[in-house]
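Q: the following block contains a protein sequence and its predicted model.
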Amino acid sequence: MSDYAGKQQIKLQADWWSKTLAGIFLGLLLSYGLVALFAWFGPDNVNQAISNERALWRVQFNMWLVAPIWMCVLSLVYLFRSGKQAWLKLGFANLVIYGVWMALRSAL
Amino acid sequence: MKIKSDILRTYQNVHTWTGIVAGLFLFIGFFAGSITMFRSAIDDWATPPSYQLPHTDLASIEAALPKVLANYPEAQKELVISFDNTQSPFTWYTQGGGRGLRLDDQTVHATVDEKGEIITHDSTVNELSGLVDMLHRTGGILGEVAGHHMLGEFIMGFAALLYFIALVSGVIFLLPTLTKSFFALRSAKGANRFWLDSHNLVGIASLPFHIIIAFTAVVFAFHDFFYAGLSQVYGDNELFPSDPPNKQVYTLDHLPTLSDYFETAAAYAPGYQVSEIRLSGLSGARANAAISLVNENEVMRGPNTDFIFMHPYTLNIQTSSISSGDQGVWVNAVSTYFALHFGSYGGNFGRWLYFVMGLAGAFLFYTGNLLWLEKRRQKQGKQTKSVQFMAKLTIGVCLGSLLGVISCFALTKWLSMTSLNINHAYMWIYYSCFIGAIVLSFTVGAAKAAISLIKVSIVACLLIPLTSIIALFLPSLSIWPARGVSQVIIELCALLCAFICFRAHQKCVKRFYSGEKNSIWALANQQTPPIEASLTASK
């Protein structure tokens, strides 16, 4: 994939893999981070006593939520100026999200 | 709308490459998926009418249930009680059972006569629609990995992921010209422009459908991995908390009557019709009753039904896809995702809509490949090896999988005259057509292969209604004609398909002899290659 595209656009060649991998890994991590916030602090969260039946559907909903966020990050990752930018900015976003999650959890 | 040119260029590349990599898998996924909209009609059509035993009234079925369970131990493992008049009242597996495509399943059909006697007969389960569904989910790639998963499901999941990226990138690079060219179908500017315009039109017009399908397909393929990740997020909290196991031992004498199930279902889900009750594991610790419910006015979670799971002895409802219990708002969201993939809302209208949009989707991937081929040829001024290879692969895979499915439909009734296991026969037919088409395409070239494959497809399509006609005039043969509206419609669709193939054949032949000389679809190229092409060949 990168070889062919690389021939047409030498400037972007080094970044196809880098951006794609950033989208796959950091995008997935970011998605889990957002879902974690929602699962821990959203309505019907893990700290609340809810019926097993409600918990069963809530966790299914959470699972469904992972994919669309991940897919959106992955498809928009090519908007970053370079692969390095993608890794840096997505990495920073992850730190913020997981930082907030940790902070909120310790405040509980 | 103005977008910077380097972004446009980047996303055009993203679109092209994700599309090219995923397109052929998606072609199979989409056209097979369209056909699965009518699974039950297809199974009725392909199953010999003698397999289904006559239905009878609820009271007789109810009275017979304890006898069936007592006399046939295998029915205690899993017994299906159907309230659909075209199905046998009772069926159970003597071999197989469970999820996925299995070729050797044997079932027993049973009914009750006027005297209350149980009548049974054994039969092989016809998996024609199961085969199509397997193609839809796996693209026809066999092999199991990671327990119950099929390798092809993961490959299809990756294809769906690429497909989502292709959709987003396609929209991004179409945005600047969208208003100008959306409804333009410029046939006067040459075939290539026409294909591009129709590709864009179909893509944009069915965009919401495609986004939903891509997103749900990714979840279907990778849900186990998503759950595994989610359990990390949940930490010490259980993902699926469960009630402590019920220690009470139940025997068949404790089993409630069918009316009890009906009453429980009616109280929980008013307005729904019970279509099926599936009792499983009745003598074990994991006894379960799954009640399928139909309400054509509601969004249903399964392909054809909603469901309630309850304990078969206590009638205690465990969960349901209908939000009458304590599922909160979550059940509606999750059920909607399923329904949006399965097209199980809006009854038959919804199914037809999905059928058409699914075929349009297959068209999208096919035209996408054609556009790539033409554009690269024009850009490079000659036919490179990669263009030739992709053309052969596109023709072999697309027409081969189509021919494979059509042939299974065309031959199914005739195969019932033999003693062959019908499901093994389907596999042989499908894969010989599919592999044969690819081999043909790579030996004689894409253009010639396309013409021959379309010709065979016309014959196979015509054989489908012809079988019915022969069955009507020669009842001594053990084949059977179409019965009922839905089966006649299946055969009319085959006729329509034959007509479309016929027109495609005409166009291919025309392009073959009088199309642009340097095209991969032209005859001239294959006999006297133009200078540039022969230079490449001699390199």
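A: Looks like it arrived, so ask away. Keep in mind the model is a prediction, meaning the values are calculated, not measured.
Q: my guess is B:Ile204 meets B:Leu178, correct?
A: Yes: with contact defined as CB atoms under 8 Å, B:Ile204 reaches B:Leu178; the gap is 7.2 Å. (Each C-beta comes from the backbone N, C-alpha and C, glycine too.)
Q: and what about B:Ile3, helix, strand or coil?
A: Using DSSP: H, G, I helix; E, B strand; the rest coil, the structure places B:Ile3 in coil.
Q: what's the answer for the one 4 residues further on, then?
A: In three-state terms, and counting by three-state DSSP, B:Ile7 is helix.
Q: that one: neighbour count?
A: B:Ile7 is flanked by 13 other residues according to other CB atoms under 10 Å in any protein chain shown.
Q: how about the helices of the stretch 51-200 of chain B, start to end?
A: Remark: helices assigned in the stretch 51-200 of chain B by DSSP state H, counting those that start in this stretch are B:58-71, B:73-77, B:128-138, B:151-174, B:178-181, B:191-205.
Q: lowest average pLDDT across those helices?
A: Here the lowest mean pLDDT among these goes to helix B:178-181, at a mean of 70.
Q: B:Ile204 and B:Leu178 - which one has more neighbours?
A: Using other CB under 10 Å, the more surrounded residue of B:Ile204 and B:Leu178 is B:Ile204, with 16 against 12.
Q: tell me which helix or strand A:Arg105 sits in.
A: Element membership for A:Arg105, per DSSP states H and E: helix A:83-107.
Q: show me what that helix is packed up against.
A: In this structure, helix A:83-107 packs against helix A:13-41, with contacts taken as 3 or more CB pairs under 8 Å, 6 or more residues apart in numbering or on different chains; DSSP states H and E.
Q: list the buried residues for the helix it packs on?
A: The neighbour-count check on helix A:13-41 (16 or more other CB atoms under 10 Å in any protein chain shown) flags A:15-16, A:18-20, A:22-23, A:26-40 as buried.
Q: show me the shaky parts of the chain.
A: Reading this off chain A. Low-confidence segments of chain A, defined by pLDDT under 70: A:1-14.
Q: that's the other chain; I wanted chain B
A: Within chain B, the stretches with pLDDT under 70 are B:1, B:96-101, B:146-147, B:179, B:181-185, B:187-189, B:243-246, B:524-539.
Q: what about the longest helix in it?
A: Counting by DSSP state H, the longest helix found in chain B is helix B:347-380.
Q: quick check: angle from the helix holding A:Arg105 to helix A:13-41?
A: For helix A:83-107 against helix A:13-41, the angle by axes from the mean of the first three to the mean of the last three CA atoms, to 10 degrees is 10 degrees.
Q: on that earlier part again, of the helices of the stretch 51-200 of chain B, which is nearest B:Arg102?
A: Shortest distance between B:Arg102 and the helices of the stretch 51-200 of chain B, using CB to CB, is found for helix B:128-138: 8.0 Å.
Q: tell me how far the closest one lies from the chain's centre.
A: Centroid separation for helix B:128-138 versus its chain: 5 Å, with CA atoms, centre = their mean, to the nearest Å.
Q: cool, and stretch B:389-408?
A: Distance, centroid of stretch B:389-408 to centroid of chain: 17 Å (CA atoms, centre = their mean).
Q: downstream of the one helix or strand B:Ala391 maps to, the next helix or strand is which one?
A: Following DSSP H and E, one finds B:Ala391 within helix B:385-415. Using DSSP H and E, the next helix or strand after helix B:385-415 towards the C-terminus is helix B:422-444.
Q: buried ones in that following helix?
A: Neighbour-count burial for helix B:422-444 [16+ other CB under 10 Å]: B:422-423, B:425-427, B:429-430, B:433-434, B:436-438, B:440-442.
Q: same deal with stretch B:204-215?
A: Applying a neighbour-count criterion of 16+ other CB under 10 Å, the buried positions in stretch B:204-215 are B:Ile204, B:Ser206, B:Phe209, B:His210, B:Ile211, B:Ile213, B:Ala214, B:Phe215.
Q: could these go into TSV alongside distance to A:Leu104?
A: Formatted as TSV, those follow (distance: CB to CB, whole Å):
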residue	distance to A:Leu104
B:Ile204	41
B:Ser206	41
B:Phe209	38
B:His210	37
B:Ile211	32
B:Ile213	36
B:Ala214	33
B:Phe215	28
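Q: so which of these are in helices?
A: B:Ile204, B:Phe209, B:His210, B:Ile211, B:Ile213, B:Ala214, B:Phe215.
Q: before we move on, back to that, any bit of the longest helix of chain B sitting next to chain A?
A: No: Helix B:347-380 does not reach chain A (CB under 8 Å from any CB of the partner chain); its nearest approach is 9.2 Å.
Q: tell me the angle of that helix relative to helix B:128-138?
A: Using the same axes, to 10 degrees, the inter-axis angle of helix B:347-380 relative to helix B:128-138 is 50 degrees.
Q: re the thing from before, biggest separation within the buried residues of helix B:422-444, which pair?
A: B:Ile422 and B:Phe442 (30.8 Å).
Q: relative to helix B:151-174, how tilted is the helix or strand containing B:Ile28?
A: For B:Ile28, the host element (DSSP H and E) is helix B:5-36. Helix B:5-36 and helix B:151-174 meet at an angle of 140 degrees, taking the same axes, to 10 degrees as the criterion.
Q: make CSV out of the helices of the stretch 51-200 of chain B and add distance to chain A.
A: Converted to CSV, these look like this (distance: least, CB to the nearest CB, whole Å):
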stretch, distance to chain A
helix B:58-71, 28
helix B:73-77, 25
helix B:128-138, 17
helix B:151-174, 4
helix B:178-181, 18
helix B:191-205, 15
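Q: the helix or strand following the helix holding B:Ile28: how far from the chain's middle?
A: Scanning forward in sequence from helix B:5-36 by DSSP H and E, the next helix or strand is helix B:39-46. With CA atoms, centre = their mean as the basis, helix B:39-46 stands 13 Å off its chain's centre.
Q: now helix B:39-46 against helix B:422-444, angle please.
A: Comparing the axes of helix B:39-46 and helix B:422-444 via the same axes, to 10 degrees yields an angle of 100 degrees.
Q: tell me which strands and helices helix B:39-46 is in contact with?
A: Packing contacts for helix B:39-46, counted by 3+ CB pairs under 8 Å, 6+ apart, involve helix B:128-138, helix B:385-415, helix B:484-514.
Q: hmm, try it at 6 Å
A: helix B:128-138, helix B:484-514 (3 or more CB pairs under 6 Å, 6 or more residues apart in numbering or on different chains; DSSP states H and E).
Q: and the direction of the first one versus that of helix B:385-415, what angle?
A: Relative orientation of helix B:128-138 with respect to helix B:385-415: 160 degrees, computed using the same axes, to 10 degrees.
Q: tell me what helix B:128-138 is packed against?
A: If contacts are counted by 3+ CB pairs under 6 Å, 6+ apart, helix B:128-138 sits against helix B:5-36, helix B:39-46, helix B:151-174.
Q: show me which residues of the longest one are buried.
A: Right, helix B:5-36. Buried, per 16+ other CB under 10 Å, within helix B:5-36: B:8, B:10-36.
Q: quickly check: it near chain A or not.
A: Yes: Helix B:5-36 reaches chain A (CB under 6 Å from any CB of the partner chain) through B:Thr10, B:Asn13, B:Val14, B:Trp17.
Q: ok, the closest residue to the first one other than its chain neighbours - contacts?
A: Distance criterion CB to CB, 6 or more residues apart in numbering or on different chains; nearest residue to B:Thr10, sequence neighbours excluded, is A:Tyr78 at 5.3 Å. Contact partners of A:Tyr78, counting by CB atoms under 6 Å, 6 or more residues apart in numbering or on different chains, are A:Lys19, B:Thr10, B:Val14.
Q: make a markdown table from those and add distance to B:Asn348 to it.
A: Shown next, in a markdown table, are the contacts of A:Tyr78 (distance: CB to CB, whole Å):
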| residue | distance to B:Asn348 |
| --- | --- |
| A:Lys19 | 45 |
| B:Thr10 | 43 |
| B:Val14 | 38 |
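Q: thanks a lot, see you next time.
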